[in-house]
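# here is a sequence with its predicted model. Questions after.
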Amino acid sequence: MKNIISFVLLVCASATYAAGPETVASANRALWPELIDSPTAFDKASRAEMLVFAEVLSQVSMQNAETLKSQLRIKKVNLASVEKIRNKLAGQLLKNWQVAVCDNDAVFCPKITSSQDMVAAGIGLAAKLPENYRAWHSNAKLFHKNYANELIRLAALFPAVTSEIDSFSAIERDGSELPDRQFVLTFDDGPTNKGGNTDALLPLLQKAKLNATFYMLGERLQARLQQTDAAVLSDSFQGQCVALHGWEHQSHAKWDKWQESIEKTNALVKKTFPSQYSAWFRPPYGQRKADSEGFFKKQNLQVGLWNIDSQDWNNHVSGDMAAQRVFTLMLLWRHGVVLFHDVHPKALVAVPWLLEKTNNTGVVWKSCQSY
Ligand SMILES: [Zn+2]
């Protein structure tokens with residue numbers, strides 16, 4: 001019976017997350033041999049991650065279409081999209097490199113003025129590394145290879161399968177426009193039933209003075225309102241922002257009722273959370289229509305994507321793994337929107353760990369109201 005259940009869960013999961021990666025990148029922060037307890041220490045670790053990612057990104061993304069298909073296990077590859085995303089990511093890395101302060105550490109401070117320089121420095125890193133950084137380096141190479149594969153897979157599928165990897169218009173934002181060291185927390189797919197993970201997360205955020213955005217599903221909110229009075233529920237979200245994730249958790253790219261889904265959810269969220277309502281829509285799986293800008297403008301909605309995916313929905317990722325992955329990606333991208341799911345318990349472990357790790361590093365958890 002257990003096997004049947006696991007099989008059914010596996011089939012459901014793979015159908016639901018059809019656009020998800022085959023292998024999830026996981027990082028082991030304990031292998032970095034220094035404490036990250038100051039802005040300078042953050043910058044050094046950040047440059048180290050950038051060098052490894054730059055090398056691996058160029059390896060992964062420069063393959064021909066046939067190799068990419070078999071490597072990413074997909075049937076069609078949009079090479080123009082792969083090139084566009086590779087250039088965008090490489091450009092972002094170069095900008096990040098320029099703001100990460102160099103403390104004259106010869107190993108992690110090579111002179112870099114172009115993306116090509118960064119790839120070359122990444123390749124040259126192994127030969128220069130002191131012994132105590134070698135274990136970190138092997139792990140980082142593996143992590144970034146899997147991570148680069150995740151991103152390039154999304155790029156190769158775009159726009160046949162839409163996702164957070166690219167945008168269609170200026171009303172779509174993924175957090176890459178935020179200033180250095182600023183991060184926004186977001187939680188999707190809730191609210192849970194009374195006494196569930198959403199309820200456990202809220203006091204944790206309030207205690208830490210974090211103002212996050214909750215992208216709610218209309219049908220889950222409706223179910224929750226059967227259990228909890230609207231005023232009581234709204235009170236428990238004090239300080240947070242509440243936005244829309246559609247009525248049902250399904251792709252809003254190939255669903256004829258996608259507009260109705262958004263309008264219905266918009267009305268219910270507005271009515272339930274008059275002080276927390278935030279005019280943002282996050283498409284489930286990041287999947288929306290290419291030509292939906294007009295509709296969103298009419299509804300006064302912005303489209304909230306993300307650039308740091310915790311992968312906390314994935315059965316193979318624990319709360320601890322999600323935390324270490326997010327921290328590594330914070331070092332790499334240096335700003336952005338972090339995606340968690342309040343329907344899963346992993347953020348309850350990951351968020352406190354991230355707060356502790358980023359304390360004194362100059363990281364700012366930007367409030368949802370100011371984003
Ligand atoms: Zn979702």
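Thanks, I have the structure now. Everything quoted here is computed from the prediction, not taken from an experiment.
# hey, let's count contacts and neighbours off CA atoms from now on
Noted.
# what's the separation between residue 351 and residue 129?
32 Å (CA to CA, to the nearest Å).
# more neighbours, the two?
residue 351 (22 against 13; other CA atoms under 10 Å).
# per-residue pLDDT, that one?
Note for residue 351: predicted pLDDT of 98.
# who's in contact with it?
By CA atoms under 8 Å, 6 or more residues apart in numbering, the residues touching residue 351 are residue 323.
# kindly recompute the last result at 10 Å.
185, 201, 204, 205, 208, 319, 320, 322, 323, 326, 340, 357 (CA atoms under 10 Å, 6 or more residues apart in numbering).
# which one of those residues is nearest to the ion?
Using CA to the ion, residue 340 is the member of those that sits closest to the ion, with 9.2 Å.
# partner strands of the helix or strand the closest one falls within and their direction?
Secondary structure from DSSP states H and E places residue 340 in strand 336-341. In the sheet, strand 336-341 lines up against strand 182-188 (parallel), strand 308-309 (parallel) (DSSP bridges).
# next, residue 291: secondary structure please.
Put simply, residue 291 is coil when judged by DSSP: H, G, I helix; E, B strand; the rest coil.
# on the three-state scheme, the closest residue to it other than its chain neighbours is what?
Of all residues not flanking residue 291 in the chain, residue 168 sits nearest, at 7.8 Å (CA to CA, 6 or more residues apart in numbering). Using three-state DSSP, the structure places residue 168 in coil.
# counting neighbours, what do you get for residue 168?
Considering only other CA under 10 Å, residue 168 is surrounded by 15 other residues.
# show me the contacts for it.
159, 162, 288, 289, 290, 291, 292, 293.
# can you name the residue of the stretch 101-250 of the chain nearest the ion?
residue 189 (4.9 Å).
# quick check: that residue vs residue 64, distance?
When residue 189 is compared with residue 64 (using CA to CA), they lie 37 Å apart.
# so which of the two has more stuff around it?
Counted by other CA under 10 Å, residue 189 and residue 64 do not tie: residue 189 has more neighbours, with 24 against 11.
# give me the domain ranges for the protein.
22-157, 172-370 (automatic domain parsing).
# so of those, which one's packed in deepest?
Per residue and on average, the most neighbours among these fall to domain 172-370, with a mean of 19 (mean count of other CA atoms under 10 Å).
# mind listing the strands for this structure?
Assigned strands in the chain, in chain order: 172-173, 182-188, 213-216, 241-244, 277-281, 302-304, 308-309, 336-341, 364-365 (criterion: DSSP state E).
# same question for the second one, mean pLDDT?
Over the span of strand 182-188, the pLDDT mean works out to 98.
# again, but for the fifth one
Averaging the model's pLDDT scores along strand 277-281 yields 98.
# the first one now?
Computed over strand 172-173, the mean pLDDT rounds to 98.
# again, but for the last one
Per-residue pLDDT over strand 364-365 has a mean of 98.
# got the residues of the stretch 201-350 of the chain near the ion?
Contact residues, the stretch 201-350 of the chain versus the ion (CA under 5 Å from the ion): residue 284.
# what residue in the stretch 201-350 of the chain comes nearest to the ion?
Closest point on the stretch 201-350 of the chain to the ion, by CA to the ion, is residue 284, at 4.5 Å.
# contact partners for that residue?
Residue 284 makes contact with 163, 188-189, 215, 217, 244-253, 305, according to CA under 10 Å, 6+ apart.
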